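coords please:
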Amino acid sequence: MYFKVSMRTNPATGVYSGYYRIVESYRNCDGRVCHRTFLNAGYLDELTTDQLNLIKKILTSKVNNHGSTLFELPYTDDAKVSSLVDKFYGRMVAEKRIDVLVEKKPSKSGKDIQAIDINSIRNKDVREIGAEWMSYQAIGQLQIASFLERQGWSHDDIKLAKAISSADPFIRHRS
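Numbers count the residues shown, from 1 in each chain. Predicted coordinates for the structure are as follows:
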């Protein structure tokens, strides 16, 4: 995440200044770089560049770890930065801009039963590695190519073996 600024006239003060948004960059399915706005932060003229960078760093860490105690979040003594981080994070959760686990009161029976409407589940940010890429990485880490080279395989045969072993399983069974 980072702050994206656009210059405009602040209606409250009449001064031409920066209007800040908290934004994330990502690549879409076509490989084009796109930006997703998490939050319109507003006019932050009273903050320095160092304070903005610290807010960005803490917010990014907090969103990526959302409450996990496994990783320690960056810390600051600056009360203004801390209050803005809490404010922005709270707004992102309240406006459902980020996915976080909301604590639920236990039921009377002590069981954790939750109803889910399958038709309401949407996720636009699905990412997967893919079995083919993982196979290719494993081949590289195990140094299979150098092993086959030592066994006397030709360069073309090694490339073919790497391609077939990393390809879709249906391709291997068709031949």
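
domain ranges for this structure?
Using automatic domain parsing, the domain ranges for the chain come out as 2-94, 131-174.

deepest-packed of these, please.
Stretch with highest mean neighbour count among those: domain 2-94 (a mean of 14; mean count of other Cβ atoms under 10 Å). Using the backbone N, CA and C atoms, a C-beta is placed for each residue, glycine as well.

and that domain, end to end?
Taking Cα to Cα, to the nearest Å, domain 2-94 runs 20 Å from one end to the other.

centre of the chain to it, how far?
In terms of Cα atoms, centre = their mean, to the nearest Å, the centre of domain 2-94 is found 15 Å from the chain centre.

got a pLDDT number for the residue nearest to the spatial centre of the chain?
Relative to the mean C-alpha position of the chain, the nearest C-alpha, by Cα atoms, centre = their mean, is the one of Asn64, at 6.8 Å. Asn64 is assigned a predicted lDDT (pLDDT) of 78.

how about Ser107?
Looking at Ser107, its pLDDT is 62.

to which secondary structure element type does the residue nearest to the centre of the chain belong?
Here Asn64 is helix, with the state taken from DSSP: H, G, I helix; E, B strand; the rest coil.

about what we covered before: and the domains of the chain, which one's lowest on average pLDDT?
When I compare those, domain 131-174 is least confident, with a mean of 79.

ok, back up a step: who wins for proximity to Ile113 among the domains of the chain?
For Ile113, the closest of those is domain 2-94, at 22.9 Å, according to Cβ to Cβ.

isn't Asn10 right next to Tyr20, touching?
No. Here Asn10 lies out of contact with Tyr20, judged by Cβ atoms under 8 Å, at a distance of 11.6 Å.

overlap of the contact sets of those two?
Residues touching both Asn10 and Tyr20 by Cβ atoms under 8 Å, 6 or more residues apart in numbering: Tyr43.
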